[in-house]
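Student: Sequence and computational prediction follow.
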Amino acid sequence: MTMAKRILFICGSMNQTTQMHQIAAHMPDYDQSFTPYYCDGLDEWFRRWGWMEFTIIGEKLASRCRAYLEQHRLPIDYQGKKGPYDLVLTCSDVYMQRNIRTTPIVLVQEGITDPETFAYRLVTRLRFLPLWLAGTAATGLSDAYRTFCVASEGYRDLFIRRGARPEKIVVTGIPNFDNCERYLTNSFPHRNFVLVCTSPLREVFRGEDREAFIRRAVTIAAGRALIFKLHPNENAPRAIAEIARLAPAARVFATGSAEEMIANCDVLITRFSSTAFVGLALGKETYSDFDMDEMRRLMPVQNGSAAANIARVCRGLLEEPHP
């Protein structure tokens with residue numbers, strides 16, 4: 001009997017984890033294992049000491065990922081210790097774990113990427129620096145993968161401009177953003193409001209004038225109903241207190257589907273968030289810190305088949321003849 005080839009899915013945030021789950025659903029004939037994002041060496045000690053909580057390696061997000069995997073009864077191999085594997089799918093290459101570096105890797109774009117800050121320019125000039133210093137702006141620069149599955153032709157051009165190899169990039173769409181119309185059918189009870197989706201900028205030490213952001217949202221709302229959806233990585237008690245002080249009539253949700261809320265709103269306000277893509281796809285009046293013309297150019301393709309497309313890429317790598 002021929003043994004099924006083995007795949008390790010490296011997950012991360014809830015968005016990254018659910019995307020990996022969707023891809024895996026199109027590959028049931030392979031031996032699959034899943035793991036929360038992890039690190040090794042000195043970084044693993046930093047994680048244990050609680051110094052990585054602002055990243056997907058931190059215990060907060062790793063626990064959420066593990067809970068999701070357990071809820072869906074997906075086989076967990078934390079840190080991929082039960083390898084070797086025939087293929088690894090990862091949600092991020094700004095940190096490459098030692099035990100997967102000799103395995104064929106498929107990188108899957110998560111969503112919107114960070115702006116090109118000073119840290120990004122520093123990392124691209126001083127290549128001995130770790131890519132994670134630049135955040136997701138450095139996505140694709142490791143060149144450690146066989147194939148990089150991206151959201152759109154616009155993003156393909158962006159990653160090539162940043163230094164990724166064109167022959168490795170495939171436009172597949174990305175699962176959570178390939179069919180935004182599905183969010184129009186939902187049970188969220190509110191309609192015709194102004195929605196604010198916050199970003200955890202302070203939690204990742206980038207800083208934010210939250211008071212100015214809230215006041216801007218109040219101005220845009222101009223008396224209309226205002227709802228805030230907090231980012232899951234955010235310090236919720238602090239954010240709720242700030243909103244209560246500056247926009248006391250606003251409703252605040254720390255949990256729930258931001259996408260379904262966007263589907264029901266009239267106006268979306270955000271900063272550096274992939275939720276802006278949902279707003280644009282659904283024709284909402286959308287505000288973001290990114291240039292909106294650029295956002296439209298980068299818009300993920302609405303093909304409804306991103307997970308199947310990525311699974312097809314993986315099958316091609318797994319079944320290709322070996323010399």
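Tutor: Now that the structure is in, tell me what you want to look at. Residues are numbered from 1 along each chain as shown.

Student: So what touches stretch 311-320?
Tutor: 5, 7, 23, 26-27, 30, 86-87, 89, 104, 106, 146-147, 149, 170, 172 (CB atoms under 8 Å, 6 or more residues apart in numbering). All C-beta atoms are positioned from the backbone trio N, CA, C, and that covers glycine.

Student: One more pass at 6 Å, please.
Tutor: Lys5, Ile23, His26, Met27, Asp86, Leu87, Pro104, Val106, Arg146, Thr147, Val170 (CB atoms under 6 Å, 6 or more residues apart in numbering).

Student: now stretch 3-11
Tutor: Against stretch 3-11 from outside (CB under 6 Å, 6+ apart): 17, 20, 24, 30-36, 65, 80, 85-90, 318.

Student: Can you list the buried residues in the helix or strand of the chain with the lowest mean pLDDT?
Tutor: Every helix and strand of the chain was ranked by mean pLDDT, DSSP states H and E. The lowest is helix 42-48, at a mean of 83. Of all the residues in helix 42-48, those buried under the rule 16 or more other CB atoms under 10 Å are Asp43, Arg47.

Student: just to revisit the earlier point, with pLDDT and neighbour count added, can I get the contacts of stretch 311-320 in JSON lines?
Tutor: Below are those laid out as JSON lines (pLDDT from 0 to 100; neighbours: other CB atoms under 10 Å):
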{"residue": "Lys5", "pLDDT": "95", "neighbour count": "17"}
{"residue": "Ile23", "pLDDT": "98", "neighbour count": "27"}
{"residue": "His26", "pLDDT": "98", "neighbour count": "17"}
{"residue": "Met27", "pLDDT": "97", "neighbour count": "22"}
{"residue": "Asp86", "pLDDT": "97", "neighbour count": "18"}
{"residue": "Leu87", "pLDDT": "98", "neighbour count": "21"}
{"residue": "Pro104", "pLDDT": "97", "neighbour count": "16"}
{"residue": "Val106", "pLDDT": "98", "neighbour count": "25"}
{"residue": "Arg146", "pLDDT": "97", "neighbour count": "17"}
{"residue": "Thr147", "pLDDT": "98", "neighbour count": "21"}
{"residue": "Val170", "pLDDT": "98", "neighbour count": "16"}
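
Student: Tell me the confidence at Met1?
Tutor: Note on Met1: pLDDT of 47.

Student: what sits against Trp132?
Tutor: Contacts of Trp132 by CB under 6 Å, 6+ apart are Val94, Tyr95.

Student: which SS state does it fall under?
Tutor: Under DSSP: H, G, I helix; E, B strand; the rest coil, the three-state class of Trp132 is helix.

Student: Ok, Leu195 next?
Tutor: Leu195 - assigned by three-state DSSP - is strand.

Student: Ala134 contacts Ala119, correct?
Tutor: Yes - with contacts counted by CB atoms under 6 Å, Ala134 reaches Ala119, the gap being 4.8 Å.

Student: Neighbour count: the two, which is higher?
Tutor: Ala134 (25 against 17; other CB atoms under 10 Å).

Student: That one and Ser13, how far apart?
Tutor: 18 Å (CB to CB, to the nearest Å).

Student: before we move on, what about Tyr68?
Tutor: For Tyr68, the distance to Ser13 - CB to CB - is 10 Å.

Student: Which of the two has more residues huddled nearby?
Tutor: Ser13 (20 against 17).

Student: Give me the distance between that one and Ala62.
Tutor: 10 Å.

Student: what are the bridge partners for the closest residue to Ala24 other than its chain neighbours, then?
Tutor: Of all residues beyond its chain neighbours, the one nearest Ala24 is Gln32 (5.4 Å), with distances taken as CB to CB, 6 or more residues apart in numbering. Note on Gln32: beta-bridge partners Ile7, judged by DSSP bridges.

Student: ok, so what distance separates Gln32 from Leu74?
Tutor: When Gln32 is compared with Leu74 (using CB to CB), they lie 8 Å apart.

Student: So between the two, which is more surrounded?
Tutor: Taking neighbours as other CB under 10 Å, Gln32 and Leu74 compare with Gln32 leading, 22 against 17.

Student: Settle this for me: that one is touching Ile23, isn't it.
Tutor: No - using CB under 6 Å, Gln32 makes no contact with Ile23, being 9.9 Å away.

Student: And the helices in the stretch 201-323 of the chain, which stretches?
Tutor: If you assign secondary structure with DSSP state H, counting those that start in this stretch, the helices in the stretch 201-323 of the chain sit at 210-221, 236-246, 258-264, 275-281, 292-298, 306-319.

Student: Can you tell me which of those is packed in deepest?
Tutor: Neighbour counts (mean count of other CB atoms under 10 Å) averaged over each of the helices of the stretch 201-323 of the chain peak at helix 275-281, with a mean of 25.

Student: Run through the strands of the stretch 101-250 of the chain in chain order.
Tutor: 105-108, 147-150, 169-171, 194-197, 226-229 (DSSP state E, counting those that start in this stretch).

Student: Quick one: closest of the helices of the stretch 201-323 of the chain to Arg162.
Tutor: Ranking the helices of the stretch 201-323 of the chain by proximity to Arg162 (CB to CB) places helix 292-298 first, at 12.7 Å.
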